[in-house]
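In: need coordinates for the following:
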Amino acid sequence: MKSLRTIVIGLAVLGMVVFLSSLSFAQEAQAKGKDSPEWKAKHEARMKLLQDSAAALQQTNPDLAKQLSDIVNKEADKSKEKSEGSKEKVAKDSPEWKAKHEARIKLFKDAAAALKQSHPDLAKGLEEMTVAKHKAEIQKAAGEKNEKEEAGEKVEPKGDK
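Out: Numbering: from 1, shown residues only. Now for the predicted structure:
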């Protein structure tokens, strides 16, 4: 009887831990969504970068400048539609989305190459936009690991903590 009571209490405690941890993770995930101020600031910075790049390319390469301006205008239209309540999304698995994404990446790379000499800071920003998010995070983590190894600190895998 005493062991049964211990098991029931243990399961109740375990259930509370799982329940409370899932609530805290849900709040964290919600805060990192598209409504978060961090995301909005990043988005505005990207749009500013595209506008600046388009302005810089206007004299030398007007086609690229027009395409970059079109992207900024489409994003502005999307935000207006979002505020009006229209929700039309294309799945990331669809060939339409993939083709559009590849075209955008190629445009950013071409614009970065064109700006390399005259505006290296804009070119670097465009190049960063072409790198996938998960690749950037992996590279950042690898860089931190290398810095710790160079400093002589003990590096432990994240799962062992």
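
In: so for the longest helix seen in the chain, what's the average pLDDT?
Out: Ranked by residue count, the top helix of the chain under DSSP state H comes out as helix 2-31. For helix 2-31, mean pLDDT is 77.

In: so where's the chain uncertain?
Out: Along the chain, segments meeting pLDDT under 70 span 23-34, 82-90, 133-141, 144-161.

In: Q59: what secondary structure?
Out: coil (DSSP: H, G, I helix; E, B strand; the rest coil).

In: what's the spacing between it and K74?
Out: Q59 sits 23 Å away from K74, going by CB to CB, to the nearest Å. Every C-beta, even on glycine, is put in place using the N, C-alpha and C of the backbone.

In: thinking again about what came up before, just the buried residues of the longest helix of the chain, please?
Out: Neighbour-count burial for helix 2-31, counted by 16 or more other CB atoms under 10 Å, picks out no residue.

In: then stretch 95-107?
Out: For stretch 95-107, by 16+ other CB under 10 Å, it's L107.

In: list the contacts of that stretch.
Out: L64, Q67, L68, I71, V90, A91, K92, T130 (CB atoms under 8 Å, 6 or more residues apart in numbering).

In: max pairwise distance over those residues: which two?
Out: Largest separation among the contacts of stretch 95-107 by CB to CB: L64 and A91, giving 28.6 Å.

In: which one of these two has more residues nearby?
Out: Taking neighbours as other CB atoms under 10 Å, L64 and A91 compare with L64 leading, 21 against 8.
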